[in-house]
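Asks: have a look; sequence and predicted model below, questions after that.
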Amino acid sequence: MESFLNRYRNITVLLLVIFAQLVLLAVAAKNEQHVRFIRVWTVTLVSPLARLMEGMRGSSIGFVHNYITLHDSDAENRRLRAENDRLKLDKIFLSNELNRAENAKALQIFQQRSPSKTLAASVFSTGIGSSRKVVYVDRGSVSGVMREMAVVTPDGIIGKVTAVYPTAAEVLLITDPMFAAGVVSAKTHAHGTLKGTGTSQCKVDFVAFEDKVDPGDWFYTSGDDRIFPRGMPVGVVKAVRPGQPYREITLDPAGMAGGSPDDVLIVLEGIHQDIPDTPPPTQQVYLAPAPPPLAEPVSQTAAAPADGSAPPPAAAPRGGSGTEADKARALYQKTADSEDIVLGGGPTGQNIKRPPDFTKIPVDPRTAAQAGVAAAPAVVPGQPPAQKKSTAAPTPTKSTAPPDAVRRANQAGGPGGIPQP
Amino acid sequence: MNYSDGRMLLSSQREGQVSRFNLWVTILVPFLALLFQIYVPLFFRFLNFLEMPLLVVVYLGLMRRNPISGLFVGAAVGLAQDAWSKNPLGMFGITKTLVGYFAASIGMKLDVDNVLMRFLLAFFFYVFHQSFYWVMEHALLNQQSPFDMPAWLGLGVLNALVGAALFHFLDKLRVSAR
């Protein structure tokens, strides 16, 4: 070593002096960011080495951890699998809860809008045995449930109550082979009998070969069975096959589309409804809130068209055109007012000096045809038939008005259509 | 030894004569060179091109023919020049350390008493000094100064002319070899 230093003494001293001055320069000088060069140079020199060493250290530790020391991997794997299974169950549970909440909300809305009196119930059990399609609900005789009551959902009918217990009831589903209900086609009003098949589909029997039924047609309850109120959706026709003497119709029950529902409504008092012309909507429709009530009644002049045309002969009493009965009533009221007669102002047949002359009612063919105005003179309470005949002159439109329109016009004339002077 | 025979290379190391200087000369001459470098250009701006400390370092290195002594003289003069200037400490120090070292190393091989050789060595070390200083500015301080080699060559010639005359003057201050 000593000989080495002696041999290269000059260059060694040179390097030492240069290095010392470099250190001096690095300590004394600063760059544009006022950082001493010794710091800049040190970081510049050390950073790549540190990065390289850190990379090597991380790789080594990762290699050792991932490939050599695997003693805890199996336990961790099992723990993660268990956690994953638990999370899956939680997800299913929450999804079911969400669906259940949505169904409950739909039931509540349907229950409020349906004219029939219904009772909400939850399915808590299914019947034992594969042949029968029954479920049990948590409402019984204590809640007013009786046998042969209809069980429905907003989507369609579900079944009927076949057995009642104090706190539960047995419901025979419409897919059971023993189930039967009267149904009617919405399109052609073809009547038939809904029967279960033991599968997820039903069939409609006793539809005459002459009745036209196509796939896609909707069937509703007809009310003939005295169980289901008329007008409740049953299902949509899936297939129609010709047969003698009846068609073979396969139907997808709308109420069982997603399987047996969890929440149902038991119809305590059924109210028949009309068979709708259009199938029930399959999607929720936004319904805007009702408009606020008007502060002042809208006069007829205010309701007149802005283009100067004549107002309709029977304007709506308030804010709209009203029904045909309202229009007819307005016509009669106008005629009675012109003759200073108060309609519906006293007991029947009392204090009537003379009947109003309804022949002065201007006859609008459209109005008369729609509202049956010309048929109105047939009703003059408190007058003998001869007097009625003498005062109510027949008009050409009288004989053309339908009886139903006559009835509605009479009803629209107030309580009994009683004229009061 | 006859120094006027026109040879530039020495045939052997023993042929070179080590010049010796008194201590006060070794201290005073660089000090005067630094004073000249600092104050004279203030009054005579046209003398700003002169690099007197460099010429002194070259002369002492060439004459003493000791690399260690030459590098220490260069480091001392350079650091003193840094201290008196606005440069970071070490810029002139490192440059003149290398100049002193190389001058002493070359002085052992060349006939440094030859006027032409002195001129060439003064010219070479001036250009080397300026070039190395520019490299250090760029490499260490990240400063952007122009690389003006033609100017350095011209100023090198002027400094070499002054250096040749200065060296002749300084020869009178050395102590004759025993």
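Replies: Yep, that arrived.
Asks: tell me what the helix or strand where residue B:31 lies is packed against?
Replies: Taking DSSP states H and E as the criterion, residue B:31 maps to helix B:23-43. Other helices and strands packing on helix B:23-43, by 3 or more CB pairs under 8 Å, 6 or more residues apart in numbering or on different chains; DSSP states H and E, are helix B:52-64, helix B:67-84. From N, CA and C alone the C-beta is placed, and that goes for glycine too.
Asks: and the ones you listed, which is most packed in?
Replies: helix B:52-64 (a mean of 27; mean count of other CB atoms under 10 Å in any protein chain shown).
Asks: make a markdown table from the helices and strands packed on helix B:23-43 and add mean pLDDT and distance to residue A:220 to it.
Replies: Compiled in a markdown table, those are given as follows (pLDDT from 0 to 100; distance: least, CB to CB, whole Å):
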| stretch | mean pLDDT | distance to residue A:220 |
| --- | --- | --- |
| helix B:52-64 | 92 | 114 |
| helix B:67-84 | 91 | 106 |
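Asks: distance to chain A added to these, as CSV?
Replies: Output for the helices and strands packed on helix B:23-43, formatted as CSV (distance: least, CB to the nearest CB, whole Å):
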stretch, distance to chain A
helix B:52-64, 12
helix B:67-84, 4
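Asks: between these, which gets nearest to residue B:165?
Replies: Closest approach to residue B:165 among the helices and strands packed on helix B:23-43 is made by helix B:52-64 (9.8 Å; CB to CB).
Asks: what about residue 112, how many neighbours?
Replies: All of this is about chain A. Neighbourhood size, residue A:112 [other CB atoms under 10 Å in any protein chain shown]: 8.
Asks: my bad, the chain I had in mind was chain B
Replies: Around residue B:112 there are 25 other residues, counting by other CB under 10 Å.
Asks: give me phi/psi at it?
Replies: Per-residue torsions, residue B:112: phi -80, psi 0 (degrees, to the nearest 10).
Asks: pLDDT value on it, please?
Replies: Looking at residue B:112, its pLDDT reads 83.
Asks: against residue A:57, how distant is it?
Replies: 57 Å (CB to CB, to the nearest Å).
Asks: surely residue B:63 is in contact with residue B:112?
Replies: Yes - using CB atoms under 8 Å, residue B:63 is in contact with residue B:112, at 6.7 Å.
Asks: which SSE is immediately downstream of the longest helix seen in chain A?
Replies: The residue-count maximum for a helix in chain A (DSSP state H) belongs to helix A:73-113. The first helix or strand that comes after helix A:73-113 along the chain, using DSSP H and E, is strand A:117-126.
Asks: quick check: angle from that following strand to helix A:73-113?
Replies: 150 degrees (axes from the mean of the first three to the mean of the last three CA atoms, to 10 degrees).
Asks: for strand A:117-126, C-alpha coordinates in PDB please.
Replies: Output of strand A:117-126 as PDB, limited to C-alpha atoms (Å, rounded to 0.1, in the frame of the first residue of the first chain):
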ATOM      1  CA  LYS A 117    -111.600  -3.200  -0.500                       C
ATOM      2  CA  THR A 118    -108.500  -5.200  -0.100                       C
ATOM      3  CA  LEU A 119    -106.300  -6.500   2.700                       C
ATOM      4  CA  ALA A 120    -102.500  -6.800   2.400                       C
ATOM      5  CA  ALA A 121    -101.000 -10.100   3.300                       C
ATOM      6  CA  SER A 122     -97.600 -11.800   3.100                       C
ATOM      7  CA  VAL A 123     -96.900 -15.300   1.900                       C
ATOM      8  CA  PHE A 124     -95.000 -17.100   4.600                       C
ATOM      9  CA  SER A 125     -95.200 -20.700   3.400                       C
ATOM     10  CA  THR A 126     -95.900 -22.900   0.400                       C
END
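Asks: tell me the buried residues in it?
Replies: Applying a neighbour-count criterion of 16 or more other CB atoms under 10 Å in any protein chain shown, one finds A:118, A:119, A:120, A:121, A:123 buried in strand A:117-126.
Asks: point to the residue nearest the middle of chain B.
Replies: By CA atoms, centre = their mean, the mean C-alpha position of chain B lies nearest to residue B:58, the distance being 2.6 Å.
Asks: list the contacts of that residue.
Replies: Shown in contact with residue B:58 (CB atoms under 8 Å, 6 or more residues apart in numbering or on different chains): B:99, B:100, B:103, B:121, B:122, B:125, B:163.
Asks: try it again with 6 Å
Replies: Residue B:58 is in contact with B:103, B:125, counting by CB atoms under 6 Å, 6 or more residues apart in numbering or on different chains.
Asks: list the contacts of the helix with the most length in chain B.
Replies: Secondary structure of chain B read by DSSP H shows that its longest helix is helix B:115-139. Helix B:115-139 is contacted by residues B:8, B:54, B:58, B:91, B:95, B:99, B:110-111, B:143, B:145, B:147, B:152, B:156, B:159-160, B:163-164, B:167 when judged by CB under 6 Å, 6+ apart.
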